[in-house]
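1. Predicted model, plus sequence, below.
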Amino acid sequence: MPELPAPAYPDDVRARLERDAREIIARYPDSRSALLPLLHLVQSEEGHVTRTGMRFCADVLDLTTAEVTAVATFYTMYRRRPSGDYQVGVCTNTLCAVMGGDAIFEALQEYLGVGNGETTGDGKVTLEHIECNAACDFAPVVMVNWEFFDNQTVESAKRLVDDLRTGRTVSPTRGAPLCTFKDTARILAGFPDERDGAVEASGSAGPASLVGLRLARGEAAPARVVHPRDGKPHDEPQDRPVHEPSPTEHLSSHDAPQDTSASDPAHPAGPTAEEGE
């Protein structure tokens, strides 16, 4: 049977969203360029992008619902079904996977009783595996509503989801304080984060992530060159000073021993099943 038209928002909700939409659209010379932030806006209303939300976007941008649906289904940050207050994403890309991400993701599925993209019965946590977060020197990485939780282990990840479900305060390793997924979606729509100290909060990349920047500035350590005649490495001279990380800098999992899955004997990294199973 043909699908019925999506229901409209209640009048008060639509009026509020229209005010926000006009503010977003005014930022762009071409109104259709506002579609991505508008999808975040409607996602902040219900926690996922509904047919009603897509109809709203189409109406205010003078697009077809097919055009809006094509965009909403292309980008993975737009949820197409109800999801939890906290989106817990475990990186299972190459480095995080071999450092323990695969083991963390498998353990959380069993611990929470959900599969990939599924939500716990209390509506608190949606679990998913995600691709690279550009934080490889903090592997294995877990993200909650796009905030970083670095150098995780199976046990620390379990404690994390327990704290989220019971309402205990949870602080990301770096970056802004944690907020709900709906609040995150509104911030991604381009509205200011009005929480005290949230804008000022920041975190830095680890030394391994900054090697390229240091090379560009001429601040990298002397090159270790192996000469063909004696086969021994020699330090090449360098005119510019070398940056030495201070004791207060945030260390990555490759700078010093930390309680990561790779260093935790009780939870070794690597494949969790024999090949062929």
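-> Structure's in. What do you need? Keep in mind that this is a model prediction, so the values were computed, not measured.

2. hang on, Ala70 in a helix?
-> Yes: secondary structure of Ala70 (DSSP: H, G, I helix; E, B strand; the rest coil): part of a helix.

3. Next one, pLDDT for it please.
-> Here, the pLDDT recorded for Ala70 equals 95.

4. What is the burial count for it?
-> 11 (other C-beta atoms under 10 Å). Every C-beta, even on glycine, is put in place using the N, C-alpha and C of the backbone.

5. How much space separates it from His48?
-> From Ala70 across to His48, the span is 17 Å (C-beta to C-beta, to the nearest Å).

6. ditto for Arg195
-> Here the criterion is C-beta to C-beta. By it, Arg195 lies 23 Å from His48.

7. go on, Ala198?
-> In this structure, Ala198 and His48 are 24 Å apart, going by C-beta to C-beta.

8. Have a look at Arg195 and His48 and say which one is more surrounded.
-> Just comparing Arg195 and His48: by other C-beta under 10 Å the higher neighbour count belongs to His48, 19 against 13.

9. Arg81 is in contact with the more buried one, correct?
-> Yes: at 5.9 Å, His48 counts as touching Arg81 under the criterion of C-beta atoms under 8 Å.

10. May I have the distance across stretch 77-86, first residue to last?
-> Looking at stretch 77-86, the gap from its leading to its trailing residue is 13 Å under the measure C-alpha to C-alpha, to the nearest Å.

11. Run through who's touching it.
-> Contacts to stretch 77-86, defined as C-beta atoms under 8 Å, 6 or more residues apart in numbering, come from residues 39-40, 43, 46-49, 72-73, 119-120, 123-126, 144-145, 164, 178, 180-182, 188.

12. Okay, and which of the residues you listed map to helices?
-> Judged by DSSP state H, these include 39-40, 43, 46, 72, 164, 181-182, 188 as members of helices.

13. Thr119: what's it in contact with?
-> With contacts taken as C-beta under 8 Å, 6+ apart, Thr119 has the following neighbours: 82-84, 125-127.

14. And it, how far from Glu128?
-> With distances defined as C-beta to C-beta, the gap from Thr119 to Glu128 amounts to 10 Å.

15. cool, Leu108 as well?
-> Where Glu128 is concerned, Leu108 sits at a distance of 10 Å (C-beta to C-beta).

16. who's more crowded, these two?
-> Neighbours around Leu108 and Glu128, counted as other C-beta under 10 Å, are more numerous at Leu108. The numbers are 22 against 19.

17. Correct me if wrong: that one contacts Thr92.
-> No: under the criterion of C-beta under 8 Å, Leu108 lies out of contact with Thr92, with a separation of 11.3 Å.

18. In the chain, where's the longest helix?
-> The helix that spans the most residues within the chain, counting by DSSP H, is helix 11-25.

19. Quick check: the farthest pair among the ones in helices among the contacts of stretch 77-86?
-> Spatial extent of those (C-beta to C-beta) is set by the pair Ala72 and Leu164 at 26.2 Å.

20. higher neighbour count, these two?
-> Using other C-beta under 10 Å, the more surrounded residue of Ala72 and Leu164 is Ala72, with 24 against 20.

21. how about Thr180, what does it touch?
-> Going by C-beta under 8 Å, 6+ apart, the list of residues near Thr180 reads 85-86, 145.

22. pLDDT wise, what is it at?
-> For Thr180, the predicted pLDDT is 93.
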